[in-house]
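*Asks:* I'll drop the sequence and a predicted model, then ask my questions.
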Number of protein chains: 4
Amino acid sequence: MAAPQFKQLRRSYGFDEVAIVPGDITTNPDQTNIDFKVESFTFSIPIIASAMDAVTDVNFATLMSQLGGLAVLNLEGIQTRYDNPEEVLTKIAQVSDAEVTPFLQKVYSQPIKENLIGERIQAIKQSGAVCAVSVAPANTKRFAPITAEAGADIFVVQSTVTSARHISKSYRGLIFPELCKSIPMPIIVGNCVSYGACLELLRTGISGVLVGVGPGAACTTREVLGVGVPQITATIDCAAARDKYLGESGRYVPVITDGGFRKGGDLCKTFAAGADAIMLGSIFAQAKEAPGLGYNWGMSHPHPALPRGTRIKVDTTGTLEQILFGPASVTDGSQNLVGAIRTAMGICGVLTIQEMHKVEMVIAPAITTEGKSWQASAVYKSSSDA
Amino acid sequence: MAAPQFKQLRRSYGFDEVAIVPGDITTNPDQTNIDFKVESFTFSIPIIASAMDAVTDVNFATLMSQLGGLAVLNLEGIQTRYDNPEEVLTKIAQVSDAEVTPFLQKVYSQPIKENLIGERIQAIKQSGAVCAVSVAPANTKRFAPITAEAGADIFVVQSTVTSARHISKSYRGLIFPELCKSIPMPIIVGNCVSYGACLELLRTGISGVLVGVGPGAACTTREVLGVGVPQITATIDCAAARDKYLGESGRYVPVITDGGFRKGGDLCKTFAAGADAIMLGSIFAQAKEAPGLGYNWGMSHPHPALPRGTRIKVDTTGTLEQILFGPASVTDGSQNLVGAIRTAMGICGVLTIQEMHKVEMVIAPAITTEGKSWQASAVYKSSSDA
Amino acid sequence: MAAPQFKQLRRSYGFDEVAIVPGDITTNPDQTNIDFKVESFTFSIPIIASAMDAVTDVNFATLMSQLGGLAVLNLEGIQTRYDNPEEVLTKIAQVSDAEVTPFLQKVYSQPIKENLIGERIQAIKQSGAVCAVSVAPANTKRFAPITAEAGADIFVVQSTVTSARHISKSYRGLIFPELCKSIPMPIIVGNCVSYGACLELLRTGISGVLVGVGPGAACTTREVLGVGVPQITATIDCAAARDKYLGESGRYVPVITDGGFRKGGDLCKTFAAGADAIMLGSIFAQAKEAPGLGYNWGMSHPHPALPRGTRIKVDTTGTLEQILFGPASVTDGSQNLVGAIRTAMGICGVLTIQEMHKVEMVIAPAITTEGKSWQASAVYKSSSDA
Amino acid sequence: MAAPQFKQLRRSYGFDEVAIVPGDITTNPDQTNIDFKVESFTFSIPIIASAMDAVTDVNFATLMSQLGGLAVLNLEGIQTRYDNPEEVLTKIAQVSDAEVTPFLQKVYSQPIKENLIGERIQAIKQSGAVCAVSVAPANTKRFAPITAEAGADIFVVQSTVTSARHISKSYRGLIFPELCKSIPMPIIVGNCVSYGACLELLRTGISGVLVGVGPGAACTTREVLGVGVPQITATIDCAAARDKYLGESGRYVPVITDGGFRKGGDLCKTFAAGADAIMLGSIFAQAKEAPGLGYNWGMSHPHPALPRGTRIKVDTTGTLEQILFGPASVTDGSQNLVGAIRTAMGICGVLTIQEMHKVEMVIAPAITTEGKSWQASAVYKSSSDA
């Protein structure tokens, strides 16, 4: 007896399942333009450092801005709960695996100090950098005015999943059109992964959208809650929403894919999937200048009742400049990310990120293993040597 | 030469191959309603402890009822074969891997004592708990009256596969419409995995159906017999049968998905696939209060000629309350299962389990690996530390 | 630019990718009929021991016949090259992994003694067993008369791939219709894997066909030559050819799936795919009575220029009777194969192998992993204990 | 809300995902013709050694030509940068894994000596061999005349991706129709992987095309840049372009699939996918006569800013003659490659490579694991023995 259709499931794809098809023509990588714009701000590289405590502090934000990108400071993390955050970060790097979850729960139970919000923002601004800050939806009404007053440039509202409308009987959810009017800054909102959710967010008038639920290297949301969409499909669907909204409104609002990247190839595929910029966490936690001291942990890791992250050891592999622009001392694609993007664009015969959106991709799970048996052995050997 | 079609094969999906797509709106998790009803019984959480000897005894059933759920006592196991079951359970936990299969075959060759059936039921009832008991089809006619007399509340007829009609030349199979009339209790029957088999079972007038053949962590039925359907597709197909039967009869009979769950995400996906409740074995065997002392074994493990299970070490990880309601001390989703269900429902923008049935899912095998290379290394390291 | 279609590729499936869906009704396993017929011979179990030197010798053939099945003696192996085969088999079991390929090449370079062919056949016949023997196509014209004269019952012509027509400018290939007329025995031919090749073989008038290229546990044909079709699809396609030929000719010629089986579930799936019988090598090499002393090796392993097999250690796990009929001392499905077939048939609600051909199967790669993480750990642990 | 289609992704396949279906008839392998032609040159085997420094030097090119194939000398590598290349090759084999990437970057920063180009070509010609040489597009205009003057026979222009048109504002790209007119040799160009790019290359008038981006065993392009197409689909698409161009022009220009091969089966599948010849790197680096001393490294490994390769240990397994023609001392398909091609052609019932293009293939990921659990254990054991 054949079952009537109760539920249809569509196939979705992640980084390792797709590959970019080289173009019929090629272009000179040195002549590619990879600018990224958020309202009146233009960045010379389409790469953003994520609002994780192991990634962005005042110094890192300054350096990232100097190198042409953007970094987002988490206003609800260690930087605004502690006058001396370095001390806490050092302890996090020292605590054992068994103790780390309760320790993080304790660290993040300290209250946020409003004065520190202002101080951190001003420190970034005084360095000459563009200052982007991140707040969860629940704290947005409270912190947005302080942030504006302190002179921040870009305001990010971010949680695991943020929707245009939050339904509750006990409180009034965040209304983005009201927020957009109330503060004089571009607002970037996330995260979302579907066409519908992204389109509804765009229609509230925001200036950027973050795409990605659960892909982060330090995140266990997909295990704990079962929610998420792999990044290539999520980006393709949200890019479709961006283009739909562009047709409706005439506004081109950038799609920023956030999380799960390990190497240059992942970035290149994401641009081919339709992203305007990408946001990196763990790769930047590997920088010498990162505050995490070789570690990273998920933003929902310290959740008091339902932790959805894990502390991971990422090691320190090079300077931020080396990670972004090379020269690479490793051959696995985790350094010279900008060089990788430009080279891939050259191979695809395109000159801008928007042209890159149109290149062909194939579903290609074989891509990671075909012909690589000798590499695999090498990996095994070196890991058993360690 | 092209082959004419001898047999068509439809694609089916398991937990790790799908993911839930967040909603276009979100809701407040605290306001979700996750009630589960079997006829006149209403449970505040849609989670049932399975009729495995390592999971449910009198104490566990009592505690589970107090926490809002239900536990099913196996009437053909150690609890009704031995006056002192703790002694036997201790020995099972102590015997070596090499000896365990013949030892279990011996333990389960002892006869069932009818007086113990009554005693166990009464002990559960005296605690104030709802009492559910489980019997195989072959013993149903014999044990159903004793069970009714002893005051059980819910009667479960369960075997690897139970169908509405069993054909034999040598004996008369169990007739469910007759059984339903003969005992004054809701009857839950299982297991099944297909639209047709589920619909035929529902049409016999039963009050609940168990879905799942072979997914259990301690079960090897799929290896030994080759039968089974992965849980997401099985649930989708049986939910279609439930809706079909609802249309025919006006009766809404719950679909209870049984087996294979390891973490909160698996539960959430199953509700999105159409389940009304879920039944857990090995996860509950990890509770401090579980009688299995850190072990679990398949219900067909002691089969005298064709054992189809294995003893697995699940370890003891926390209290039953912690597993159900947190706070979680681990980040892998095996604790605070109720919190995970409510949080996922909030992310999907729904308020009831029946609304959860309608959320979108995608086929997403990448979900378990995308971006997780650093987590994988952590796992390797910790396992080699052990 | 879209590519015009140069070549279409159809998806094919192996054992681990499919699962049997339980039936809407169930039947009593004890009442199933699993007879298998080759012309006038009827066997009470549909299982054949393959013509491998580590599996079938005179004693094994005798025992297999007594237990209701059939074993095929390889007339081009150790049994007909050596007066004292036990001595050679013992050496094969003792030689090191590094030395085994040249050693086997040397062992099989000894000439076949025609007198031994007659002696082995007569020994099997004297025991009262049905005697089946196997010869490669190249030697068929030479050995067929000797075999017939010695009183063999069933003649098997077997090579990696055998087709109805072999094209050569330098010699005349084997013509099956002529062979069928020249010897007074049923002729079984193999191996093949496609609808077209199987249908052409059937049309030559043979009495059985062997299905399977490369799945054998000791075979590396798929690595070395790239040819083969996974067993489930191969069986489905050849079953379609059998039914086509039945329609054309009125003759029902059995399809015997050969190779790649590891456990009861694989056998059950193969019957559901359309097989009339199955042929086992490595599973029988595990029997106490097998001549391989715990080892098996591929039939093309000793090839002088292009060895396409490997010696594998299968260990000795029980008696042949235990492997076929239990009771099983293991829970992985490698023992009580007949019990597994009958139990699966009961679960599917069928009474004969031909009814089993019609049961539903699903594509279900999740079947081997869903919920089994604790089993996986157990496997790891026990292998690292060893 | 369903997403409008932003981007369609087509499925592509690699070696391990497909298998060749045996033919309805079979042929005698000894009578197969596997000639390969490039303009007026005819080679008796369709196998080319790649322009890698660990594979082809003067001696290797000579030997390869004597055995009926062709080897391509890299004119931008160690052979033309160093008077005494053996010394450098020995050091590369001795340096540690940690030091090898900067060491290779240094080795390849030495300038190319134009006099050595002429010397190497003349040495190959003096041995009586056909001389093929390889140059990157950027150096083609400079080196082509020197090469022609020195008497080379075949000119290969090769980079990761080479297109018919390269767009740059700062320099004039290579114009292949002009190049074809300017030098009196067949020109082979690569690499490409798509129908469109291949067709555009063919239309420039070249004499052969190399297919494959990123599959090489020592290549990490797919990780670093995300570009590439698995070899079976790439070959199928480029074969379609060849046939399209044949229809347009009447010229049959061979498709040479380059990279990712590990064993005979991979070669056979590639011919079935439509290749006219195949190019091998790491397999030939295993030959006793290879200059790499048991190592190989990617051609983009020494890139100064974005290294896209890795040094791999391939070990030395036999002579080049043994690798090509056997007898094989191993059973994994890495030796007697020509025997494997002929045997597979026999099994498919074809007599020429062009007939081999038409044989059926199936998508068959099960092919590598079905029934092979005992082999896997053997692999584990032997690797832990090592």
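*Replies:* Sure, I can see it.

*Asks:* neighbours around the closest residue to residue A:234 other than its chain neighbours, how many?
*Replies:* Closest residue to residue A:234 apart from its sequence neighbours, by Cβ to Cβ, 6 or more residues apart in numbering or on different chains: residue A:193 at 3.9 Å. Backbone N, C-alpha and C define where each C-beta goes, glycine included. Using other Cβ atoms under 10 Å in any protein chain shown, residue A:193 is surrounded by 30 other residues.

*Asks:* residues contacting residue A:193?
*Replies:* By Cβ atoms under 8 Å, 6 or more residues apart in numbering or on different chains, the residues touching residue A:193 are A:211-213, A:228-229, A:234, A:237-238, B:21-22.

*Asks:* which single residue in the stretch 101-250 of chain A comes nearest to chain C?
*Replies:* Using Cβ to the nearest Cβ, the single residue of the stretch 101-250 of chain A nearest to chain C is residue A:223, 11.6 Å away.

*Asks:* can you check the stretch 251-386 of chain A too?
*Replies:* Checked against chain C (Cβ to the nearest Cβ), the nearest residue in the stretch 251-386 of chain A is residue A:360, 9.3 Å away.

*Asks:* and the closest residue to that residue other than its chain neighbours, how many residues sit next to it?
*Replies:* Spatially, and ignoring its direct neighbours in sequence, residue A:360 is nearest to residue A:21 (4.1 Å; Cβ to Cβ, 6+ apart). Residues lying near residue A:21 (other Cβ under 10 Å) number 28.

*Asks:* tell me who's in contact with residue A:21.
*Replies:* The contact partners of residue A:21, by Cβ under 8 Å, 6+ apart, come to A:359-362, D:193-194, D:227, D:229.

*Asks:* likewise residue A:319?
*Replies:* Going by Cβ under 8 Å, 6+ apart, residue A:319 touches A:287-289.

*Asks:* how far away is it from residue C:361?
*Replies:* Per Cβ to Cβ, to the nearest Å, residue A:319 is found 56 Å from residue C:361.

*Asks:* circling back to that earlier point, let's see the pLDDT reported for the residue nearest to residue A:360.
*Replies:* Residue A:21 is assigned 97 on the pLDDT scale.

*Asks:* does the closest residue to residue A:358 other than its chain neighbours count as helix, strand or coil?
*Replies:* Spatial nearest neighbour of residue A:358, excluding adjacent residues (Cβ to Cβ, 6+ apart): residue A:350 at 7.7 Å. Here residue A:350 takes the coil state, with states given by DSSP: H, G, I helix; E, B strand; the rest coil.

*Asks:* can you get me a residue count around residue A:350?
*Replies:* 24.

*Asks:* just list the residues touching it, thanks.
*Replies:* Listed by Cβ under 8 Å, 6+ apart, the contact partners of residue A:350 are A:23, A:27, A:32, A:356, A:358-359.

*Asks:* in strands only, show me the residues you listed.
*Replies:* Secondary structure from DSSP state E places residue A:27 of the contacts of residue A:350 in strands.

*Asks:* what is the nearest of the contacts of residue A:350 to residue D:60?
*Replies:* Nearest to residue D:60, judged by Cβ to Cβ, of the contacts of residue A:350 is residue A:23 at 34.1 Å.

*Asks:* residue contacts, that closest one?
*Replies:* Residue A:23 sits next to A:347-350, A:359, D:163, D:197 when contact means Cβ under 8 Å, 6+ apart.

*Asks:* just the contacts of residue A:193 now: which is nearest chain D?
*Replies:* In terms of Cβ to the nearest Cβ, no member of the contacts of residue A:193 lies closer to chain D than residue A:237, at 4.3 Å.
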